[in-house]
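**Student:** The sequence and its predicted three-dimensional model are supplied below.
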Protein chains: 2
Amino acid sequence: MMETVATRGKQHNPVTGSGGMLLGRVAQIAPLADGKVARVHEGLSVGDRVATLVSLSLTPLRLDGITAVRAESAQLDVSGQAVLFESGSLVKLPHDMPERLALAVLDVAGAAPQVARLVKPEMTSVLVLGGGGKSGILCAAEARRKLGPSTGARRVIAVESYPRYADELRALGICDAVLGIDARDPVAMRRAVLEANDGREVDVTFSCVNVPDTEMAAVMATRDRGIVYFFAMSTSFTKAALGAEGVSKDVDLMIGNGYAEDHAAHTLAMMHEFPAIRALFETRYG
Amino acid sequence: MMETVATRGKQHNPVTGSGGMLLGRVAQIAPLADGKVARVHEGLSVGDRVATLVSLSLTPLRLDGITAVRAESAQLDVSGQAVLFESGSLVKLPHDMPERLALAVLDVAGAAPQVARLVKPEMTSVLVLGGGGKSGILCAAEARRKLGPSTGARRVIAVESYPRYADELRALGICDAVLGIDARDPVAMRRAVLEANDGREVDVTFSCVNVPDTEMAAVMATRDRGIVYFFAMSTSFTKAALGAEGVSKDVDLMIGNGYAEDHAAHTLAMMHEFPAIRALFETRYG
């Protein structure tokens, strides 16, 4: 890494080409040419703890040394400096939030804000695949908030095949149903989802299940003119496109954009708004 | 193929697993259990020429013989029968349309209907990558129709790097600008698009350019909260998702769904509504 950054001025994982993100403290805030402060730098002071939300593969870096290698969390402690452009994205870390929790949450910061945009008052059912994982829980919680309290009329349904995660999600009390089935079986999943939703397909599905071959299940559980939003990086473009076409399903298929305006602030705030989720995340990722 | 269909009852290309589509004549229309006719079969009579819009990999088939192999168009003449379910999709071919033209157009039937849905009256600019290809021309024509006549206030901008296709698209007179640049260079493309659009990013981009590494150009030419719709099967899910996140671009990224309700009728009708496009397609694909 010292060599990569010395040679390239950026960080590129030699295998994947990806860069990761960093936590650090603000050393200096440069004004724009017109003397104003860039929007992304507003509200920041020298010394503030921040996290960058743009890949380090795109961030100019200087590394002075590596002081610790934390293999189990794939993290390094380093001394060095980074330049964060006005076109980039960064977030001030709350004083009361441990760094590990902040990192875990920021890693999936885009999920809940997209749910907040897409779940509309007229919808009555939301499905979350991989609902017991980190992004799945945030999606389910945001969907619950948008649909209102669980009265049976408006349902948040989750699919989670890992029993411990399914139990932890049930204990949060945000879902009307948590189905312990495998999302790679589209016929079985569709049957179970319809059973949990009075025989109807859902209005919108968020796929947070990071295993291949789950595109068809997401498509088949969603109603015509509904939305299937794929957050999972394991999603195959062609499987989603040709799968929907193959069964003549007129759904909107969306590629999860990890960035949305103010996504980091939105998701960090959820740690205050949903203390039970914060407690669970601190147990899991703290 | 005789062996595949005899063994499996369906057609699967041994290399790609894909099935293709078929043209044929209606032999029989079975009523539903309640005696009604399925919606997909409405308006059809025995003897009508139809095209199926569901992959042959999903269509029960019987092959009695292959009477011609047309290598240059990747088509076969066969005798046999197919079962088209009520959940499938098929379209009656207009009497006045040659089969080759119908096949060429139906192959991209989903493109224009999606443009018609997504281009809204309040939008002022639409970009089509690969605008000179078959789906690109249909997208540009539909965008023009939605935005209204070319007065400079509401622009359809196309990118087409193949000079002959760019010239043919210009001759149709539906675009305000046809840019002969390579969509794999996001910085050059963004510059050219902004120049053609009074310095503004476009409201919505349709990518019909079937070459890899064009995702970033599409993202970077589109405004925040705009839409990038990827029709090209060469699109990489991760390049689109991580690309948008990497440059903090808050756009909706959509996977092109080849199916939309009544898409075949919509696109076949365009051959009457845009005679210049029909003439061009007959020259190219007839």
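**Tutor:** Right, received. Where do you want to start?

**Student:** Quickly find the element holding the nearest residue to residue A:28 once chain neighbours are set aside.
**Tutor:** Counting by C-beta to C-beta, 6 or more residues apart in numbering or on different chains, residue A:46 is the residue found nearest to residue A:28 once chain neighbours are left out, at 6.7 Å. Using the backbone N, CA and C atoms, a C-beta is placed for each residue, glycine as well. Using DSSP states H and E, residue A:46 maps to neither a helix nor a strand.

**Student:** doesn't residue A:8 make contact with residue A:58?
**Tutor:** No - judged on C-beta atoms under 8 Å, residue A:58 makes no contact with residue A:8 at a distance of 11.4 Å.

**Student:** picking up where we left off before, tell me how many other residues crowd the residue nearest to residue A:28.
**Tutor:** Neighbour count of residue A:46, defined by other C-beta atoms under 10 Å in any protein chain shown: 9.

**Student:** hey, where'd the strands end up in the stretch 101-250 of chain A?
**Tutor:** All strands of the stretch 101-250 of chain A, identified by DSSP state E, counting those that start in this stretch, fall at A:125-129, A:155-159, A:177-179, A:202-207, A:222-230.

**Student:** what does the fourth one rub up against?
**Tutor:** The set of residues external to strand A:202-207 that reach it, using C-beta atoms under 8 Å, 6 or more residues apart in numbering or on different chains, is A:111, A:114-115, A:118-119, A:123-130, A:136, A:139, A:143, A:157, A:183, A:193, A:214-215, A:218, A:221-223, A:226-232, A:235.

**Student:** Could I get the strands of the stretch 101-250 of chain A in CSV, plus columns for mean neighbour count?
**Tutor:** Shown next, in CSV, are the strands of the stretch 101-250 of chain A (neighbours: other C-beta atoms under 10 Å in any protein chain shown):
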stretch, mean neighbour count
strand A:125-129, 31
strand A:155-159, 28
strand A:177-179, 21
strand A:202-207, 27
strand A:222-230, 21
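
**Student:** With mean pLDDT added, can I get the ones you listed in CSV?
**Tutor:** Listed next are the strands of the stretch 101-250 of chain A as CSV, based on pLDDT from 0 to 100:
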stretch, mean pLDDT
strand A:125-129, 98
strand A:155-159, 98
strand A:177-179, 98
strand A:202-207, 98
strand A:222-230, 98
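
**Student:** Those residues of the stretch 1-150 of chain A touching chain B, which are they?
**Tutor:** A:18, A:53, A:54, A:55, A:57, A:58, A:87, A:88, A:89, A:110 (C-beta under 8 Å from any C-beta of the partner chain).

**Student:** redo that, cut-off 6 Å
**Tutor:** A:55, A:58, A:89 (C-beta under 6 Å from any C-beta of the partner chain).

**Student:** And these, which is closest to chain B?
**Tutor:** Using C-beta to the nearest C-beta, residue A:89 is the member of the residues of the stretch 1-150 of chain A next to chain B that lies nearest chain B, at 4.3 Å.

**Student:** Which positions within the lengthiest helix in chain A qualify as buried?
**Tutor:** Across chain A, the longest stretch assigned as helix under DSSP state H is helix A:134-147. By neighbour count on 16 or more other C-beta atoms under 10 Å in any protein chain shown, the buried set for helix A:134-147 is A:134-147.

**Student:** low-scoring stretches of chain A, by residue?
**Tutor:** Low-confidence regions of chain A, defined by pLDDT under 70, span residues A:73.

**Student:** Which parts of it belong to which domain?
**Tutor:** A:2-93, A:111-255 (automatic domain parsing).

**Student:** Tell me what angle the longest helix of chain A forms with strand A:202-207.
**Tutor:** Helix A:134-147 and strand A:202-207 are oriented at 160 degrees to each other (axes from the mean of the first three to the mean of the last three C-alpha atoms, to 10 degrees).

**Student:** what ranges do the helices span in the stretch 101-250 of chain A?
**Tutor:** A:111-118, A:134-147, A:163-172, A:186-196, A:215-220, A:237-246 (DSSP state H, counting those that start in this stretch).

**Student:** nearest to residue B:272, of those helices?
**Tutor:** Ranking the helices of the stretch 101-250 of chain A by distance to residue B:272, with C-beta to C-beta as the measure, places helix A:237-246 first at 24.7 Å.

**Student:** how about the closest one: buried residues?
**Tutor:** A:237, A:239, A:240, A:241, A:242, A:243, A:244, A:245, A:246.

**Student:** do stretch A:183-200 as well
**Tutor:** Within stretch A:183-200, the residues that count as buried by 16+ other C-beta under 10 Å are A:183, A:184, A:186, A:189, A:190, A:192, A:193, A:194, A:196, A:197.

**Student:** So for residue A:91, what's the nearest residue that isn't a sequence neighbour?
**Tutor:** residue A:264 (3.6 Å).

**Student:** Report the secondary structure element holding the one you found.
**Tutor:** Residue A:264 is part of helix A:263-273, with elements assigned from DSSP H and E.

**Student:** how about residue A:28, secondary structure?
**Tutor:** coil (DSSP: H, G, I helix; E, B strand; the rest coil).

**Student:** Put together a markdown table for the residues of the stretch 1-150 of chain A next to chain B, with secondary structure and neighbour count on each row.
**Tutor:** Formatted as a markdown table, those follow (DSSP: H, G, I helix; E, B strand; the rest coil; neighbours: other C-beta atoms under 10 Å in any protein chain shown):
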| residue | secondary structure | neighbour count |
| --- | --- | --- |
| A:55 | coil | 21 |
| A:58 | helix | 17 |
| A:89 | coil | 22 |
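
**Student:** Closest one to residue A:36 out of those, please.
**Tutor:** Lowest distance from residue A:36 to the residues of the stretch 1-150 of chain A next to chain B (C-beta to C-beta) belongs to residue A:89, with 18.3 Å.

**Student:** Tell me who's in contact with the closest one.
**Tutor:** A:53, A:54, B:248 (C-beta atoms under 6 Å, 6 or more residues apart in numbering or on different chains).

**Student:** do you know how far the first one is from residue B:31?
**Tutor:** As judged by C-beta to C-beta, to the nearest Å, residue A:53 and residue B:31 stand 58 Å apart.

**Student:** Looking at the two, which has the bigger crowd around it?
**Tutor:** Neighbour totals were compared for residue A:53 and residue B:31, and residue A:53 leads with 23 against 10 (other C-beta under 10 Å).

**Student:** Relative to residue A:55, how far out is the closest residue to that one other than its chain neighbours?
**Tutor:** Leaving aside its sequence neighbours, residue A:53 sits nearest to residue A:89 (C-beta to C-beta, 6+ apart; 4.0 Å). Separation of residue A:89 from residue A:55 (C-beta to C-beta) stands at 10 Å.

**Student:** on that earlier part again, so can I have a markdown table of the domains of chain A showing distance to residue B:173?
**Tutor:** Below are the domains of chain A laid out as a markdown table (distance: least, C-beta to C-beta, whole Å):
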| stretch | distance to residue B:173 |
| --- | --- |
| domain A:2-93 | 37 |
| domain A:111-255 | 31 |
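
**Student:** residue contacts, whichever residue of the stretch 101-250 of chain A sits closest to chain B?
**Tutor:** The nearest approach of the stretch 101-250 of chain A to chain B comes at residue A:245, 3.7 Å away (C-beta to the nearest C-beta). Residue A:245 makes contact with B:258, B:259 under the criterion C-beta under 6 Å, 6+ apart.

**Student:** Surely residue A:91 is in a strand?
**Tutor:** Yes - the assignment for residue A:91, made by three-state DSSP, places it in a strand.
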